[in-house]
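>>> predicted model, plus sequence, below.
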Amino acid sequence: MVRFMSILLIAGMLLTTAQAQPPSTQQELQAMLSQDNLPSIDGKDVVLLSQRLKLQQFYQHRNYNLAWQTNATGKDLSTQLLRAIDASADDGLDPSYPLYHKNLIQHLAQPQTAEERVLRDLLLSDAFLTLGEHLFHGMAFGTTADILHRAIPRETLNMPEILTIALQQGEVFEMLERLAPKYVGYQNLKSALRHYRDMASKGGWNEDPEAYLDLELVKKRLSITGEFNDELDSALALNHTLNTAPIDWSWDGTETNDETNNDTVMDGVTETSSEPEALIAAIKQFQRRQHIMVDGILGAQTRIDLAKSVQERIETIKLNLERWRWYGTLVDDNYIMVNIPDFSLKFVHDGQSLSMTVVVGQTKRQTPIMEARMSYLVYNPYWRIPKTILAEDILPKLKANKNYLNANQITLFSSVDNTESYPLDSTAINWHEISKKGMLRYTFRKEPGIKNPLGIIKFMFPNSEDIYIHDTSARYLFKSKSFLVSSGCIRAEKPMQLAYEILSREQPEITLQSIYKQIQTGALQVKHLKEKLPVYVTYQTAWADADGRLYLRKDVYGLDANLLKFMKKLESTYKINYGIFS
């Protein structure tokens, strides 16, 4: 079911013929829609319409009659739209965004001429269509800022039809409100946005890291974000349980130390100090929420994170709200969710969850964010080496050693041998004459075994990026905490437990022991699921719990920075001279 299916199901019952307008008004509207630029008002330029094709569809259906008249219920529809534009701030959008036309609509509240009435009607409709798209799909979906989102098809949304229904029902505000995601993670993040805007309105906090050498300022800072309760002189309890051990990460995923200058920083803040244990506990809670070394010590990284401005946190929340809107309908039960910056996987079934650490793609071979459906598992899988690895890794090794494939249990087939029935002799090929593109003429299959990079199980959710979840032969990675090292696929810390939880929901008789026995045979086995399981590969650098408490992760792929740059550029692109309307 799509997010807005319930609205569209009743569309056919509600579509009626629009009240006829004077021919001059209809002609004016049709002419204005055919122009590249709208008329100026008081000598000031008007921003271009962003939904021209949909507007033509909408008005053609109603014989080019004006749409935004007070309806039979007597409701002021334009006031509802302006209220919805203002309310979009709660979703992290900017009500002053030029293509919402807020100031122009207000300026034309009392149109004096036929031209102004037509222009106002077009601006109202254009604003509804634009805001509706932004609430449902997001502003950056499918753009250059969304370079990792190729695997998610755009969900169909008939905005002209939705606008027609909204106007007929007199529920413009409610209709737009229904377009935004209802997923609990999105709603929790909206709550956090309200909290942090409230903090900003009260002045935020000190943004100098060195200020947090003063323990009283540390108490004040942690009281603002809720880790320390000064009245109770105790740390506030956290309901959230981290999926992975809180670590301070460098850009390559290796662990760093937050104990810089401990001899000076921690003066008076030790387990044996006179300071209350509550302050140390509060510092640890803050560190957990930031995913840095949890030691209760005010090291350099902890002080830097304490000093990051409330406005920076607000921007991070808004970026994550935007990414949630890229997805279709997210379910609240029976799904798998991977969070790349958190290096975590969570399987939720019947309100219970299994959580584990995952290894994700390195910065040069990033794991794409996506939405897919898991349909089967494979025991003792082959590994068909991806084309990026073939070109960048395998080809150089073959040029250096023509016996490389045999030595590493890799079987070679022609790419047209779909059944992989006729293995080729790799030593008979002159690999020095093979180009990177020429590698695509072959299929390279790693046989099952202890050296197979996929380990003993892989979890398949077919997608255009050829990404899947799997076990790994490199189990040491989970102890070394090097979690940004894969070639894009997702390596699971607890593959046996994950397989058991997934399969046993459909076949209660399955046990861990029975799965292990089947794997021990060494034979490749495919286990199809009766019901496909939603898989969401996400990039959450910020999320919140039910109380609006914020949890933050490093922008390991730089996607926050790219998206923020795009959003600012998008806004500035449409900031045409408004003059009195700005």
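Cool, the structure landed.
>>> lowest-confidence helix or strand of the protein?
helix 262-265 (a mean of 40; mean pLDDT, DSSP states H and E).
>>> distance between the helix or strand that comes right after that helix and the chain's centre?
Using DSSP states H and E, the helix or strand that follows helix 262-265 towards the C-terminus is helix 277-290. Taking Cα atoms, centre = their mean, to the nearest Å, one finds helix 277-290 lying 27 Å from the centre of the chain it belongs to.
>>> next, the angle from the very next helix or strand once past helix 277-290 to helix 277-290.
Next helix or strand after helix 277-290 toward the C-terminus (DSSP H and E): helix 300-307. Between the axes of helix 300-307 and helix 277-290, defined by axes from the mean of the first three to the mean of the last three Cα atoms, to 10 degrees, the angle is 90 degrees.
>>> which is the succeeding secondary structure element to helix 300-307?
Using DSSP H and E, the helix or strand that follows helix 300-307 in sequence is helix 310-325.
>>> strands of the stretch 301-450 of the chain, start to end?
Per DSSP state E, counting those that start in this stretch, the stretch 301-450 of the chain carries strands over the ranges 335-339, 344-349, 352-361, 370-379, 383-384, 410-414, 442-446.
>>> and the last one, which strands flank it?
Taking DSSP bridges as the criterion, strand 442-446 pairs within the sheet with strand 383-384 (antiparallel), strand 410-414 (antiparallel).
>>> let me know which of these is the nearest to S464.
Nearest of those to S464, taken as Cβ to Cβ: strand 383-384 at 15.8 Å. For the C-beta atoms, the positions are set from N, CA and C on the backbone; glycine is no exception.
>>> which residues does the closest one contact?
By Cβ atoms under 8 Å, 6 or more residues apart in numbering, the residues outside strand 383-384 that reach it are 443-446, 452-454.
>>> and of these, the nearest to S191?
The nearest one, if we look at these relative to S191 and count by Cβ to Cβ, is L454, at 40.1 Å.
>>> so what's the residue count around that closest one?
Using other Cβ atoms under 10 Å as the criterion, L454 is surrounded by 23 other residues.
>>> what's the answer for A145, then?
Counted with other Cβ under 10 Å, A145 comes out at 22.
>>> I'd like the distance between G558 and T113.
51 Å (Cβ to Cβ, to the nearest Å).
>>> and these two? Which one has more around it.
Set G558 next to T113 and count neighbours by other Cβ under 10 Å: G558 wins out with 12 against 9.
>>> tell me the pLDDT at the closest residue to that one other than its chain neighbours?
If the residues on either side of it in the chain are set aside, G558 comes closest to T363, at 8.0 Å by Cβ to Cβ, 6 or more residues apart in numbering. Listed pLDDT for T363 reads 93.
>>> what of the one 3 residues further on?
What the model reports for Q366 is a pLDDT of 93.
>>> next one: the longest strand along the chain to chain centre, how far?
The longest strand of the chain (DSSP state E) is strand 525-538. Chain-centre distance of strand 525-538: 20 Å, with Cα atoms, centre = their mean.
>>> what are the pairing partners of that strand, and which direction each?
strand 335-339 (parallel), strand 370-379 (antiparallel).
>>> how about the last one: buried residues?
For strand 370-379, burial by neighbour count (16 or more other Cβ atoms under 10 Å) applies to 370-372, 374, 377-379.
>>> the most centrally placed residue in the chain: what's it in contact with?
The C-alpha lying nearest the average C-alpha coordinate of the chain belongs to R323 (Cα atoms, centre = their mean; 3.6 Å). Neighbouring residues of R323 by Cβ under 8 Å, 6+ apart: 138, 369, 538-540, 563.
>>> just the endpoints, please. Distance across stretch 432-443?
18 Å (Cα to Cα, to the nearest Å).
>>> residues contacting E28?
E28 makes contact with 114-115, 118, according to Cβ under 8 Å, 6+ apart.
>>> that older thread, what comes up buried for the longest strand of the chain?
Residues of strand 525-538 classed as buried: 527, 529, 533-538 (neighbour count, 16+ other Cβ under 10 Å).
>>> just those now: which is nearest A544?
Distance to A544, by Cβ to Cβ, is smallest for T538 among those, at 14.2 Å.
>>> contacting residues for that closest one?
For T538, the contact set (Cβ under 8 Å, 6+ apart) comprises 323, 337-340, 369.
>>> so it bridges to which residues?
N339.
>>> where does the stretch 451-582 of the chain have low pLDDT?
Within the stretch 451-582 of the chain, the stretches with pLDDT under 70 are 575-582.
>>> quick one, strands of it?
So, for the stretch 451-582 of the chain - with DSSP E, counting those that start in this stretch - the strands run 457-460, 469-470, 484-486, 490-492, 525-538, 542-544, 550-552.
>>> any idea which element the residue nearest to N206 when sequence neighbours are not counted lies in?
Excluding the flanking residues, the one nearest N206 by Cβ to Cβ, 6+ apart is L217, at 5.9 Å. Following DSSP H and E, one finds L217 within helix 215-225.
>>> just the buried residues of that helix, please?
By neighbour count with 16+ other Cβ under 10 Å, helix 215-225 contains the buried residues 215, 218-225.
>>> cool, and stretch 545-560?
Buried residues in stretch 545-560 (16+ other Cβ under 10 Å): 545, 548-557, 559-560.
>>> which members of the residues you listed are the farthest-apart pair?
The widest separation within the buried residues of stretch 545-560 (Cβ to Cβ) is 26.3 Å, between G548 and Y557.
>>> low-confidence ranges, the chain, go.
Judged by pLDDT under 70, the stretches of the chain that qualify are 1-23, 43-47, 70-73, 147-154, 230-275, 575-582.
>>> how far is the single longest helix found in it from where the chain is centred?
In the chain, taking DSSP state H as the definition, the longest helix is helix 114-137. The chain centre lies 27 Å from the centre of helix 114-137; the measure is Cα atoms, centre = their mean.
>>> could you give the angle of it to helix 310-325?
80 degrees.
>>> re earlier: may I have the longest strand of the chain exported as PDB, CA atoms only?
Extracted in PDB, the C-alpha atoms of strand 525-538 (Å, rounded to 0.1, in the frame of the first residue of the first chain):
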ATOM      1  CA  GLN A 525      20.900 -24.300  -0.400                       C
ATOM      2  CA  VAL A 526      18.300 -21.700  -1.200                       C
ATOM      3  CA  LYS A 527      15.600 -20.800   1.400                       C
ATOM      4  CA  HIS A 528      12.700 -18.900  -0.100                       C
ATOM      5  CA  LEU A 529      10.500 -16.700   2.100                       C
ATOM      6  CA  LYS A 530       6.700 -17.100   1.900                       C
ATOM      7  CA  GLU A 531       6.300 -13.400   2.600                       C
ATOM      8  CA  LYS A 532       8.900 -10.900   1.400                       C
ATOM      9  CA  LEU A 533      10.500  -8.900   4.200                       C
ATOM     10  CA  PRO A 534      11.000  -5.100   3.800                       C
ATOM     11  CA  VAL A 535      14.600  -4.000   4.000                       C
ATOM     12  CA  TYR A 536      15.500  -0.400   4.500                       C
ATOM     13  CA  VAL A 537      19.100   0.700   4.100                       C
ATOM     14  CA  THR A 538      19.200   4.100   5.600                       C
END
